[in-house]
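S.K.: next input, structure requested:
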Amino acid sequence: MILVGVLTMLISYSCSNDFDLIEDWKDIPVVYGLLSRADTAHYIRVEKAFVDPSTSALQLAQIPDSLYYASIGVAIERVSTGEIYELDKVDGALEGYPRAEGIFANSPNYLYKFKLEDDEKLESGETYKLKLTRGDNKPEVTAETVIVGDMNVAAPLTTIKFEGGKSTNFRWNSSENALFFDLTLRLNYLENTQADPNTFLEKEIHWPLAKNIDKDADQDLGEYKLEDGDEFFRFIAIALQDAGNLTRDFKNLDVVVTAGDQNLFDYINIGQANTGITSAQEIPSYTNLSEGLGIFGSKNTSLKEGITLTTETEDSLRFGQYTKDLNFQ
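M.R.: Down below sits the predicted model:
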């Protein structure tokens, strides 16, 4: 996932009474990078903050030269061994990561990339250090993160039951480096086409079940209880329109658990702090860089695929009050 920290920083400055819009220019790197054992390639976004007393920030945001360094060295060090990974500058759009339309120029979409050898992964529990070299005798910009380890979904095992008024439990084991979790269900189904009723296409919908779930630190596990099974059917009813002449067949669901480290936890929570209707005027900006703004952290994703519905749940999907018009067979 590639995000941008520049906008947050600009908003923060715009809300501060102390920020001088015509102060001397200063080089301020802005970084977003999350390392994950689940990834085969790793990307770091490195940009620079900008200010010009004579030009609107909205105009500057559309000029690529205002966003990116002309020359910068980006490297990752595995601290315990001293091994260095030099990152290459790439266009994210050519890597399958186009930048969304918006305030900032979306082309080119420069990122910095490194890829490990086949079957090699970042080591769980190891400390990795980001190093940015800008030249001109500027100090090196650094940040560290400890790699979040793998997780194991313990419940559900092979089947799952959703029943109105009854709870459904999810549980997973995790590493000590994970601090919080997001839980998503990926619902897989088949749907035929209007042109050929005998041709079925594979489709999926994603149900973001819960975010920022705290870990049970004593047992290194995460868990979540869905209080009412009818939420499953209500979600599907909202996500899918009435079938009309279409026929659908529910295949299975996948449990997706994403874990974040302390750095990511602080980035999210400090970014959300102080923004309610009773907040102070200034929005805090989190950074774990030695200089500049942004985050260098770690996350990991665990996927348990092919969980099937119980017979009772399948019957409710076909004939229940929320989904009876969706033509599940």
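S.K.: what about Lys211, how many neighbours?
M.R.: Per other C-beta atoms under 10 Å, the neighbour tally for Lys211 reads 12. No exception for glycine: its C-beta is placed from N, CA and C like everyone else's.
S.K.: gap between it and Thr184?
M.R.: Separation of Lys211 from Thr184 (C-beta to C-beta, to the nearest Å): 9 Å.
S.K.: show me the shaky parts of the stretch 201-329 of the chain.
M.R.: Along the stretch 201-329 of the chain, the parts satisfying pLDDT under 70 run over 243, 271-284.
S.K.: all strands of it, in order?
M.R.: For the stretch 201-329 of the chain, applying DSSP state E, counting those that start in this stretch gives strands covering 221-226, 248-260, 293-309.
S.K.: could you dump these into CSV with distance to Thr81 and mean neighbour count added?
M.R.: Compiled in CSV, those are given as follows (distance: least, C-beta to C-beta, whole Å; neighbours: other C-beta atoms under 10 Å):
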stretch, distance to Thr81, mean neighbour count
strand 221-226, 30, 17
strand 248-260, 24, 20
strand 293-309, 17, 20
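S.K.: JSON lines for those, including distance to Leu130?
M.R.: As requested, the strands of the stretch 201-329 of the chain are arranged in JSON lines below (distance: least, C-beta to C-beta, whole Å):
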{"stretch": "strand 221-226", "distance to Leu130": "27"}
{"stretch": "strand 248-260", "distance to Leu130": "17"}
{"stretch": "strand 293-309", "distance to Leu130": "5"}
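S.K.: relative to Glu204, which of the ones you listed is closest?
M.R.: For Glu204, the closest of the strands of the stretch 201-329 of the chain is strand 248-260, at 8.5 Å, according to C-beta to C-beta.
S.K.: okay, now the residue nearest to Asn300 when sequence neighbours are not counted: neighbour count?
M.R.: Using C-beta to C-beta, 6 or more residues apart in numbering and skipping residues adjacent in sequence, the residue nearest Asn300 is Val148, 4.2 Å away. Neighbourhood size, Val148 [other C-beta under 10 Å]: 31.
S.K.: with Asn137 instead?
M.R.: So Asn137, with other C-beta under 10 Å, has 5 neighbours.
S.K.: and it, helix, strand or coil?
M.R.: Assigned by DSSP: H, G, I helix; E, B strand; the rest coil, the conformation of Asn137 is coil.
S.K.: how close does it sit to Thr301?
M.R.: Taken as C-beta to C-beta, the span from Asn137 to Thr301 is 40 Å.
S.K.: now do the contacts for Glu291.
M.R.: Glu291 sits next to 29, 139, 141 when contact means C-beta atoms under 8 Å, 6 or more residues apart in numbering.
S.K.: from Leu190, how far out is the last one?
M.R.: The spacing between Val141 and Leu190, counted by C-beta to C-beta, is 50 Å.
S.K.: compare these two (neighbour count), which wins?
M.R.: More crowded of Val141 and Leu190, by other C-beta under 10 Å: Val141, with 22 against 15.
S.K.: quick one, what contacts the residue lying closest to that one once chain neighbours are set aside?
M.R.: Leaving aside its sequence neighbours, Val141 sits nearest to Leu132 (C-beta to C-beta, 6+ apart; 3.9 Å). Leu132 is in contact with 29, 31, 46, 72-74, 140-142, counting by C-beta under 8 Å, 6+ apart.
S.K.: average pLDDT across the helix or strand containing Leu132?
M.R.: Assigned by DSSP states H and E, Leu132 falls within strand 127-133. Regarding strand 127-133, the rounded mean pLDDT is 96.
S.K.: now that strand, how far from the centre of its chain.
M.R.: How far strand 127-133 lies from its chain's middle: 21 Å, per C-alpha atoms, centre = their mean, to the nearest Å.
S.K.: neighbouring strands for that strand, and are they parallel or not?
M.R.: Under the criterion DSSP bridges, strand 127-133 sits next to strand 73-78 (antiparallel), strand 141-146 (antiparallel) in its sheet.
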